[in-house]
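Novice: below is the sequence, then the predicted model.
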Amino acid sequence: MDKSILLFIGITLVGTFAQVDEYEKAIADLFTTPSADFLTQYVEVTTTDKNKGDIEAIERCGTGKDRGVHLCVPYYNCDAETKTIIPSEEYDGTGLIDIRFGSNSCENYLEVCCKIPEGKPIPPEVTTKEPGEVVTPPPVTPPPEKIGCGIRNPNGVGFKITGNNANEAEYGEFPWMLAVLNKNHIPSSNQPLALCGGSLIAPNLVLTGAHCVFKHKTEEIVVRAGEWDTQTERERYPYQERDVREIILHEGFTSNNLFNDVALLVLDEPFSRAPHIASICLPPKGTIFNSRECFASGWGKNIFGQKGIYQVILKKIKLPIVQKGPCQEALRQTRLGNLFKLHESFVCAGGEPGIDTCTGDGGSPLVCPDPRNPKRYLQAGMVAWGIGCGDDGVPGVYVDVAHFRDWIDQHVKRLNIDSSSYNV
C-alpha cells in the first residue's frame with residue numbers, strides 16, 4: 001500500500017462574497033478541491049524476511065581499513081558503545097539519528113555503519129539494490145511501558161533525531177497519532193490515499209473529524225497507528241493497521257459549515273500496545289485551556305497553496321490557545337467579515353506568523369499539557385479549518401473536544417469500552 005498522510009484542510013477564499021455567505025462558501029470550496037496524493041511518485045515499500053542474528057549481503061560501508069568489515073545496518077542492530085553489530089533483542093540504548101543525512105555513509109538515515117563482530121563471516125558486497133526492498137526488524141522485547149494515557153515521548157523512542165530544523169516530530173513522540181486511510185485506494189486514480197488524521201482514545205476506538213468519514217463506508221477505511229516516516233519501514237517498531245467495524249457520526253454534524261465535526265471509529269480489533277502506540281487523555285467536560293505549550297501534529301504541507309510541500313516525516317508545531325472571543329474578532333478581520341460568529345463547537349489556536357497546521361492535517365489532534373501534571377497531555381482539539389495558513393494574527397480553528405465529552409462517554413458506555421484508557 002502507498003504510504004501518504006494528508007487531507008486538504010486549508011481554505012482558499014477567492015473573490016468577494018457577501019459576508020453572510022463567505023464562511024459556508026469557503027467550507028464548500030474545501031471539499032470540492034481535489035486533494036493531491038503527495039506520495040504517488042514513490043515506490044511502494046515491500047519487506048523481506050531475514051533470519052534473526054544473521055548478517056546477509058547488505059550495503060558495505062566504511063573507508064580505508066574499515067572497508068569490508070563494516071556494514072550498513074538498522075540503528076537498533078548496532079551497539080552504541082562498541083559500534084559492533086548485535087541481534088536487535090540485545091539492544092537497549094538510545095542513538096542519535098541525523099535526518100539531514102549529513103555524514104552518514106549509509107543510504108538510509110535509519111541505518112548506521114557498524115563493525116562486523118569477530119568470528120562472523122564477511123558477506124559479499126552488494127552492488128545493486130532493488131527499489132523499495134527493506135529489512136523488517138525481528139521482534140524485540142519492548143522497554144517497560146509508561147502507565148496511563150497522554151504520555152508524550154519528547155526524546156523519541158529508541159533514538160533522538162538531530163538536524164530537525166523543519167519541526168519534525170521525534171519517532172514515537174505522539175503515540176496516539178493515527179492515519180485514517182482509504183482502504184480501496186487505487187494509485188492511478190485521483191482519489192487520495194489518506195482521508196484524515198485521528199487520535200487513539202481506546203485500543204479499539206478512534207476520535208476523528210466527521211467530515212473525514214461521513215461519505216465513506218466501514219469497508220472503505222483502514223486506520224494506521226505507529227506511523228512516522230511515510231517513505232520507509234526501517235523504524236524499530238512496525239506500524240499497525242486495523243479495519244473499521246462501525247462509524248459513529250455526531251447527529252448535529254453539518255458538512256457545509258463543519259459544526260459538530262466529530263466522529264468515532266470502532267475498530268474490528270484493538271491495536272496492540274507498543275512503545276510507539278498509546279492513547280491520549282480526554283479533558284473533562286467544559287475544560288477551557290489557556291496554554292501556550294500545545295502541540296498539533298500531522299503530515300500536512302509546510303506552507304499553504306501550490307508551493308507547499310507535504311511532509312514525509314511526522315511534523316509537529318507548538319501553538320498557543322486563543323480564547324473564543326479574541327479568535328472570533330480576529331476571524332472577523334478576514335474575508336469572513338464582521339458578521340461571522342464562531343460556533344460553540346470550535347476552539348482556536350495559533351495566530352503566529354508562519355506557524356499553523358496548514359493543508360493536510362484535518363482530524364489530527366491538538367494536545368495541551370494537563371495543568372495538574374504537565375508531563376501528561378489532554379486532547380484539546382482536532383484540526384478543522386482555517387483562513388490561509390500561518391497568517392499573522394489569524395488563528396486556526398479546531399473542534400473543541402471538551403465540548404463533546406458527554407457525547408463520547410455515552411457511546412463508549414453503549415459500546416462497553418473501558419473508558420480508563422482516556423481518563424486521567
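Specialist: Thanks, I have it. Since the model is a prediction, treat every value here as computed from it, not as a measurement.

Novice: least confident secondary structure element in the chain?
Specialist: strand 46-48 (a mean of 38; mean pLDDT, DSSP states H and E).

Novice: tell me where the model's unsure across the stretch 101-250 of the chain.
Specialist: 101-105, 107-111, 119-147, 163-165, 188-192 (pLDDT under 70).

Novice: helices along that one, start to end?
Specialist: 210-213 (DSSP state H, counting those that start in this stretch).

Novice: check the stretch 301-424 of the chain too.
Specialist: 324-332, 405-414.

Novice: list the buried residues for the strand of greatest length in the chain?
Specialist: Ranked by residue count, the top strand of the chain under DSSP state E comes out as strand 373-385. For strand 373-385, a neighbour-count test (16 or more other CB atoms under 10 Å) marks Arg376, Tyr377, Leu378, Gln379, Ala380, Gly381, Met382, Val383, Ala384, Trp385 as buried. C-beta coordinates here come from the backbone N, C-alpha and C atoms, glycine included.

Novice: okay if I get these as a markdown table plus pLDDT and distance to Ile85?
Specialist: Formatted as a markdown table, those follow (pLDDT from 0 to 100; distance: CB to CB, whole Å):
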| residue | pLDDT | distance to Ile85 |
| --- | --- | --- |
| Arg376 | 97 | 38 |
| Tyr377 | 98 | 37 |
| Leu378 | 99 | 42 |
| Gln379 | 99 | 41 |
| Ala380 | 98 | 44 |
| Gly381 | 97 | 45 |
| Met382 | 96 | 44 |
| Val383 | 93 | 42 |
| Ala384 | 91 | 48 |
| Trp385 | 88 | 50 |
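
Novice: can I get those residues in a markdown table including distance to Lys318?
Specialist: A markdown table is the format used below for the buried residues of strand 373-385 (distance: CB to CB, whole Å):
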| residue | distance to Lys318 |
| --- | --- |
| Arg376 | 17 |
| Tyr377 | 12 |
| Leu378 | 16 |
| Gln379 | 16 |
| Ala380 | 13 |
| Gly381 | 14 |
| Met382 | 17 |
| Val383 | 15 |
| Ala384 | 19 |
| Trp385 | 20 |
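
Novice: how far does stretch 266-277 stretch from one end to the other?
Specialist: For stretch 266-277, the first-to-last residue distance is 17 Å (CA to CA, to the nearest Å).

Novice: between the helices of the stretch 301-424 of the chain, which gets nearest to Thr287?
Specialist: Taking CB to CB, helix 405-414 is the member of the helices of the stretch 301-424 of the chain nearest to Thr287, at 8.1 Å.

Novice: looking at the helices of the stretch 301-424 of the chain, which is nearest to Ile85?
Specialist: helix 405-414 (46.7 Å).

Novice: output the closest one as PDB, restricted to C-alpha atoms.
Specialist: Extracted in PDB, the C-alpha atoms of helix 405-414 (Å, rounded to 0.1, in the frame of the first residue of the first chain):
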ATOM      1  CA  ARG A 405     -17.000  14.800  26.200                       C
ATOM      2  CA  ASP A 406     -20.600  13.700  27.200                       C
ATOM      3  CA  TRP A 407     -21.300  12.500  23.700                       C
ATOM      4  CA  ILE A 408     -18.100  10.500  23.600                       C
ATOM      5  CA  ASP A 409     -18.700   9.000  27.100                       C
ATOM      6  CA  GLN A 410     -22.300   7.900  26.100                       C
ATOM      7  CA  HIS A 411     -21.100   6.000  23.100                       C
ATOM      8  CA  VAL A 412     -18.200   4.400  25.000                       C
ATOM      9  CA  LYS A 413     -20.600   3.200  27.600                       C
ATOM     10  CA  ARG A 414     -23.000   1.800  24.900                       C
END
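
Novice: so which of the helices of the stretch 301-424 of the chain is nearest Leu193?
Specialist: helix 405-414 (27.4 Å).
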